[in-house]
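In: sequence unavailable; structure follows:
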């Protein structure tokens, strides 16, 4: 058996691949649930009920999907240009820190000015944070995977330091948290009295924005060309380093918006457990969406449903909620495997 | 002045050797994979698997060395998964590696929660005890620094010698080094590239897992969430720092660990002036700086991250 390149990409594979990924993750989960001594049907029913079974559940799933749309877009943009940004976690916190800096009362402005200001400042912080590793990559050939990964740890410690010092909540009774953001820096709720907030709408708009950039602008074309074949792109006269830098700014900015939206829309303040690995999960979301920006929205909702459903299932059935992480990781690996068959076919040799 | 005096104490270097031990195992493991042309970003997850597998085996009554062996086998299994996806299937080594780390870590946490549902503090095990080497341990300074460690630390140092010997002095080592530079040349010798790379990734991953097991079976005596804490990523930096040579990687690991031990002591000394987080950041920043410093001279294995398909050029 060997792999043979296909002349043209099989269109059916683009539909089959995600279905295979979802199927495989459920199969692995079923096995693990049985090892745990529970019935897969009870568990899956509880997961689905917990994720989609009521208005509350659906809103909760969309709330959880919001940061994942942003970090998923960040990974999709970067990976398309073959810029391996694994630092979504650090960029997320960069956005969150900027929100806490500007939104907790230091700047008094009306909401229509303050909120956009926070978003721009937050995105800029994340963008610059990724520009460093990208510059090191293009200038010195330092692998950006390792530098962005290591920066995640530095950033979390930096946040911890700020929460002990400059951003410490004086009323926080010693907890590592910042003060609450002021009214003018709070993203409005979409449904009165529920947790879903404006961040979700902004995330969907961002997805359309990235789709527009990809499909309709020179930058989008250049990013794809640089990712597909850097030598050919250079030969065609494209400024590779500059395209990489623009990709980094866009990717880092998007990941940071996740942090902005979590603080300004959901949690209200900066804490050390603000992210439950949104940066890393964004990579999975991007791969499940096959790097398509609109697919990212769908994939983020799917992944969020797994997590929200698993939390509810864990409370009612008692199977550890880490099953959701296992399913998401399995989906990632199956997805990249299945995508191979959009480009190759298996032949007996 | 006091800050410099610390550097000449034997306890600092004993701590450095102890901190270096898991890094030495995992760096060797990554080095073997990369020498064969496969970047293994599964390292962080494979170390987590090793830490858990070794600890849980001993907890269930296995003796310590059996625990180490079980950790190694568990690591090799995840290594084979990474190898299968990246070598015969030729998938992106970056994405697959991250996926393997996510899968290995989440499977470990799932199993841990399943086995210990309601515990707030995980059970402890009887770990490897320090084993002073007769004679050598009485040498002033060196004895305390190097020869009063646990058997796993000695194994780490022996592993460096063994890996260096195999890589540079045996036919199989030559084949592994060549397959990372020019897989077609290996194929021409009648050696199967796929098998060779899979084997290297499995062996390398076993080393990583033993590095993880060191944490639960020698450094600490229990398993905690997030206990690997970026050590795997640091080892990837150490491989570059050591320019893919076992000896230099060992040196890098010890220097790094000495710095880590030093910042811990400096924290106690200067903790009043600087937040403790600054000291904790230093090892990660040092790793990034080391990468930058070495990148100009980095002699990457030329076929690193390039999948090999028969008959394709």
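Out: Okay, I see it. Note that the structure is predicted; figures quoted are calculated from it, not measured.

In: excluding residues flanking it in the chain, which one is nearest the residue nearest the centre of chain A?
Out: Nearest to the mean C-alpha position of chain A, by Cα atoms, centre = their mean, lies residue A:71 at 2.2 Å. Leaving out its chain neighbours, the residue that sits closest to residue A:71 by Cβ to Cβ, 6 or more residues apart in numbering or on different chains is residue A:282, at 2.7 Å. For every residue, glycine as well, the C-beta is placed using N, CA and C.

In: check which helix or strand covers that neighbour.
Out: helix A:278-288 (DSSP states H and E).

In: please see if the helix or strand that that helix is followed by touches chain B.
Out: Next along the chain after helix A:278-288, taking DSSP H and E as the criterion, comes helix A:293-316. No: judged by Cβ under 8 Å from any Cβ of the partner chain, helix A:293-316 stays clear of chain B, getting no closer than 9.0 Å.

In: which of the residues in helix A:293-316 are buried?
Out: A:293, A:295-314 (16 or more other Cβ atoms under 10 Å in any protein chain shown).

In: and it, what other elements does it pack with?
Out: helix A:40-52, helix A:55-80, helix A:199-216, helix A:278-288, helix A:322-343 (3 or more Cβ pairs under 8 Å, 6 or more residues apart in numbering or on different chains; DSSP states H and E).

In: tell me the most buried of those?
Out: Of all these, helix A:278-288 has the most neighbours on average by mean count of other Cβ atoms under 10 Å in any protein chain shown, namely a mean of 28.

In: where does the chain dip in pLDDT?
Out: Since no chain was named, I'll use chain A. Low-confidence segments of chain A (pLDDT under 70): A:1, A:7-10, A:348-349.

In: hmm, no, I was thinking of chain B.
Out: B:1, B:297-298, B:311-313.

In: you'd agree residue A:328 is up against residue A:282?
Out: No: the criterion here is Cβ atoms under 8 Å, and residue A:328 misses it with residue A:282 at 11.1 Å.

In: and the helix or strand hosting residue A:244, how far from the chain's centre?
Out: Here residue A:244 is covered by helix A:240-261, with elements defined by DSSP H and E. Offset of helix A:240-261 from its chain centre (Cα atoms, centre = their mean, to the nearest Å): 12 Å.

In: before we move on, back to that, show me what contacts the residue nearest to the centre of chain A?
Out: A:88, A:92, A:254-255, A:258, A:278-279, A:281-283, A:285 (Cβ atoms under 8 Å, 6 or more residues apart in numbering or on different chains).

In: would you verify that residue B:164 is located in a helix?
Out: Yes: under DSSP: H, G, I helix; E, B strand; the rest coil, residue B:164 sits within a helix.

In: now do the same contact list for the nearest residue to it once chain neighbours are set aside.
Out: Spatial nearest neighbour of residue B:164, chain neighbours left out: residue B:246 (4.2 Å); criterion: Cβ to Cβ, 6+ apart. Contact analysis of residue B:246 by Cβ under 8 Å, 6+ apart lists B:28, B:31, B:160, B:163-164, B:167.

In: so residue A:3 belongs to a helix, correct?
Out: No: counting by three-state DSSP, residue A:3 is not part of a helix but strand.

In: burial of it, as a residue count?
Out: 20 (other Cβ atoms under 10 Å in any protein chain shown).

In: before we move on, what about the one 3 residues further on?
Out: Taking other Cβ under 10 Å as the criterion, the count of residues near residue A:6 is 13.

In: who in the stretch 201-349 of chain A is up against chain B?
Out: Within the stretch 201-349 of chain A, the positions lying close to chain B (Cβ under 8 Å from any Cβ) are A:280, A:283-284, A:287, A:318-320, A:322-323, A:325-326, A:328-330, A:332-333, A:336-337, A:340.

In: cutoff 6 Å now
Out: A:283, A:320, A:322-323, A:325-326, A:329, A:332-333, A:336 (Cβ under 6 Å from any Cβ of the partner chain).

In: try the stretch 1-150 of chain A
Out: A:36, A:84, A:140-142, A:145-147, A:149-150.

In: buried sites along the strand or helix carrying residue A:161?
Out: Using DSSP H and E, the element containing residue A:161 is helix A:144-164. For helix A:144-164, burial by neighbour count (16+ other Cβ under 10 Å) applies to A:144-163.

In: who does that helix touch, helix- and strand-wise?
Out: Helix A:144-164 sits against helix A:88-103, helix A:111-140, helix B:231-241, helix B:276-295, with contacts defined as 3 or more Cβ pairs under 6 Å, 6 or more residues apart in numbering or on different chains; DSSP states H and E.

In: show me what secondary structure element comes after the shortest one.
Out: Looking back up the chat, that one is helix B:231-241. Counting by DSSP H and E, the next helix or strand C-terminal to helix B:231-241 is helix B:246-270.

In: chain A contacts on the stretch 151-300 of chain B?
Out: Residues of the stretch 151-300 of chain B lying close to chain A (Cβ under 6 Å from any Cβ) are B:230, B:233, B:236-237, B:275, B:277, B:280-281, B:284, B:287-288, B:291-292, B:295.

In: filter those residues down to the buried ones, ChimeraX style.
Out: With 16+ other Cβ under 10 Å as the criterion, this ChimeraX line picks the buried residues out of these:
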select /B:230,233,236,237,275,277,280,281,284,287,288,291,295
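
In: and the gap between residue B:168 and residue B:176?
Out: Here residue B:168 is placed at a distance of 10 Å from residue B:176 (Cβ to Cβ, to the nearest Å).

In: with residue A:221 instead?
Out: Distance from residue A:221 to residue B:176, counting by Cβ to Cβ: 41 Å.

In: who has more neighbours, those two?
Out: Just comparing residue A:221 and residue B:176: by other Cβ under 10 Å the higher neighbour count belongs to residue B:176, 25 against 16.

In: quick check, the more buried one in contact with residue B:200.
Out: Yes: in this structure, residue B:176 is within contact of residue B:200 by Cβ atoms under 6 Å, at 5.3 Å.

In: which residues do these two both contact?
Out: Common contacts of residue B:176 and residue B:200 (Cβ atoms under 6 Å, 6 or more residues apart in numbering or on different chains): residue B:36.

In: in which helix or strand would I find the residue nearest to residue B:35 when sequence neighbours are not counted?
Out: Once flanking residues are discounted, residue B:35 sits nearest to residue B:180: 4.8 Å by Cβ to Cβ, 6+ apart. Using DSSP H and E, residue B:180 falls within helix B:171-181.

In: quick check: buried residues in the helix or strand following that helix?
Out: Once the chain leaves helix B:171-181, the next helix or strand it forms, by DSSP H and E, is helix B:183-188. By neighbour count on 16+ other Cβ under 10 Å, the buried set for helix B:183-188 is B:183, B:186-187.

In: tell me which residues of the next helix or strand after helix B:183-188 come out buried.
Out: Using DSSP H and E, the next helix or strand after helix B:183-188 towards the C-terminus is helix B:193-214. Neighbour counts using 16+ other Cβ under 10 Å place B:193-194, B:196-214 of helix B:193-214 among the buried residues.

In: so what touches helix B:193-214?
Out: Contacts of helix B:193-214 (Cβ under 6 Å, 6+ apart): B:21-22, B:25-26, B:28-29, B:32-33, B:36, B:38, B:43, B:46-47, B:49-51, B:54, B:68, B:71-72, B:74-76, B:79-80, B:83, B:87-88, B:152, B:175-176, B:179, B:183, B:186-187, B:308.

In: from these, list the buried ones, please.
Out: Buried subset of the contacts of helix B:193-214 (neighbour count, 16+ other Cβ under 10 Å): B:21-22, B:25-26, B:28-29, B:32-33, B:36, B:38, B:43, B:46-47, B:49-51, B:54, B:68, B:71-72, B:74-76, B:79-80, B:83, B:87-88, B:152, B:175-176, B:179, B:183, B:186-187, B:308.

In: quick revisit: pull the most distant pair out of the residues of the stretch 201-349 of chain A next to chain B.
Out: A:320 and A:336 (25.8 Å; Cβ to Cβ).

In: about what we covered before: does the residue nearest to residue A:71 touch residue A:73 like I think?
Out: No: applying Cβ under 6 Å, one finds residue A:282 not in contact with residue A:73, separated by 7.9 Å.

In: span of stretch A:183-203 from start to end?
Out: 21 Å (Cα to Cα, to the nearest Å).
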